[in-house]
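**Q** just coords:
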Ligand code: DON
């Protein structure tokens, strides 16, 4: 499938060229035939055949009937900016809106901005994320299939109420996060997501996150198409009470059904200010996408960090269940200790998402790729 010039897998080195001529042929077909050429005809047939051979129920009809849905972004207000966020079926925008709402209620009381790596500030972020992930598990799913309490979840008064629940030196009981209602429990992993941030000469911006879920998705290439099939079915709550591969639990709203889109954590984000686009950001990394995006956006908007500093800074993650505050190795040990003293169950993990961002600076546009995965910004 991959042209690695006859090398055995163990013999592949950094710098080797990977080419995918079959995928290139498929892309050529899309160039001339458009979406129709993907969802009907040879490519659709190959996708269906590969999926069926692997035990899937996907049919040609499912593909033929697939239509993209355009949804208006969610909007949040934060420190005088309008922030455009990903709506359901991603939970990204809802959790970011809640967390930004909670943080903004605290900003008003700050005499001066805290150290972004201080235990107090990171405790605030962790607690804010826990509320958001708790509500995700209880309420969120594909809005075409379930009524989602969006007005409540995005209500600034609710964010204020959540912000008042913060105990500076302690965590809350498990059920005190978000809005109580029936809930389920958890294991964890990472892999098949990419985020792209773009701003063009005219100031137009694109924040795009795309995912096949785990590394190489379902691990199936559809026939000769070069198309890797995703395993995004895992993003549904397939079995209530049993969490997905990212340890996310969910409720009835996210149970699988034909034609339904699963919940996601994708968080492509655009920050608009007086001069138009101020920032474009997003990340890969399962539920850590949300935490990474939140911290990158806050590092720029609250702490005046440049894009590179914001993307590189050590991060934390909390998704309510499991009740663990994950922190990257770069977080000072004293900070981790102080968070533990507040009742946070801390655990180190190699990375909290892989983010990138473009930030409008005094000198123009400042872009940064995440040093955790390498890569670099391109400007033309
Ligand atoms: O949409 C989601 O939330 C997941 N499919 C994302 C998976 C992911 O980010 C894995 N890799 N980095």
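**A** On my side now, so go ahead. What you see is a predicted model, and the numbers here were worked out from it, not measured in a lab.
**Q** what about residue 318, neighbour count?
**A** 31 (other C-beta atoms under 10 Å). Every C-beta, even on glycine, is put in place using the N, C-alpha and C of the backbone.
**Q** how about the residues of this protein by the ligand?
**A** 190-193, 211, 213, 232, 235, 264-266, 284-286, 289 (C-beta under 6 Å from any ligand atom).
**Q** do that again at 5 Å, thanks
**A** 191, 193, 211, 213, 235, 264-266, 284-286 (C-beta under 5 Å from any ligand atom).
**Q** any idea which element the nearest residue to residue 232 once chain neighbours are set aside lies in?
**A** Among residues not flanking residue 232 along the chain, residue 213 sits closest, at 4.6 Å (C-beta to C-beta, 6 or more residues apart in numbering). In this structure, residue 213 sits in strand 205-214 according to DSSP states H and E.
**Q** residue in the stretch 1-150 of the chain nearest to the ligand?
**A** residue 90 (6.6 Å; C-beta to the nearest ligand atom).
**Q** for residue 204, see how far away that residue is.
**A** Distance of residue 90 to residue 204, given as C-beta to C-beta, to the nearest Å: 22 Å.
**Q** more neighbours: those two, which one.
**A** Set residue 90 next to residue 204 and count neighbours by other C-beta under 10 Å: residue 90 wins out with 28 against 10.
**Q** how close does that one get to residue 269?
**A** On the measure of C-beta to C-beta, residue 90 and residue 269 end up 11 Å apart.
**Q** neighbours of residue 63, just the number please.
**A** 18.
**Q** hmm, I typed the wrong one, I wanted residue 261.
**A** Neighbour count for residue 261, taken as other C-beta under 10 Å: 19.
**Q** show me what contacts residue 226?
**A** Contact analysis of residue 226 by C-beta atoms under 8 Å, 6 or more residues apart in numbering lists 1, 20-27.
**Q** can we see that at 6 Å?
**A** Residue 226 is in contact with 20, 22-23, 26, counting by C-beta atoms under 6 Å, 6 or more residues apart in numbering.
**Q** Throw those residues into TSV and include distance to residue 143, thanks.
**A** As requested, the contacts of residue 226 are exported to TSV (distance: C-beta to C-beta, whole Å):
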residue	distance to residue 143
20	35
22	36
23	32
26	31
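**Q** ok, and the most crowded of the residues you listed?
**A** residue 26 (22 neighbours).
**Q** so where is the stretch 1-150 of the chain shaky, pLDDT-wise?
**A** For the stretch 1-150 of the chain, the stretches with pLDDT under 70 are 1-7, 9.
**Q** just the strands in it please.
**A** Along the stretch 1-150 of the chain, the segments classed as strands by DSSP state E, counting those that start in this stretch run 74-78, 81-85.
**Q** these: which one's closest to residue 171?
**A** Nearest of the strands of the stretch 1-150 of the chain to residue 171, taken as C-beta to C-beta: strand 74-78 at 24.6 Å.
**Q** so which bits of that closest one are buried?
**A** 74, 76, 78 (16 or more other C-beta atoms under 10 Å).
**Q** repeat that for stretch 157-173.
**A** Neighbour counts using 16+ other C-beta under 10 Å place 158-159, 162-163, 166, 171 of stretch 157-173 among the buried residues.
**Q** check stretch 135-146 too.
**A** 135-143, 145-146.
**Q** for that stretch, give the distance from the opening residue to the closing one.
**A** 15 Å (C-alpha to C-alpha, to the nearest Å).
**Q** now the lengthiest helix in the chain, how far from the centre of its chain.
**A** The single longest helix within the chain, with elements called by DSSP state H, is helix 119-139. Centre-to-centre, helix 119-139 and its host chain are 15 Å apart (C-alpha atoms, centre = their mean, to the nearest Å).
**Q** which residues does the helix or strand just after that helix contact?
**A** As assigned by DSSP H and E, the chain's next helix or strand after helix 119-139 is helix 150-154. Here helix 150-154 makes contact (C-beta under 6 Å, 6+ apart) with 94, 97, 135, 158.
**Q** circling back: list the strands paired with the strand holding residue 213, with their directions.
**A** strand 191-199 (antiparallel) (DSSP bridges).
**Q** so how far is the partner strand from its chain's centroid?
**A** Distance of strand 191-199 from its chain centroid, counting by C-alpha atoms, centre = their mean, is 10 Å.
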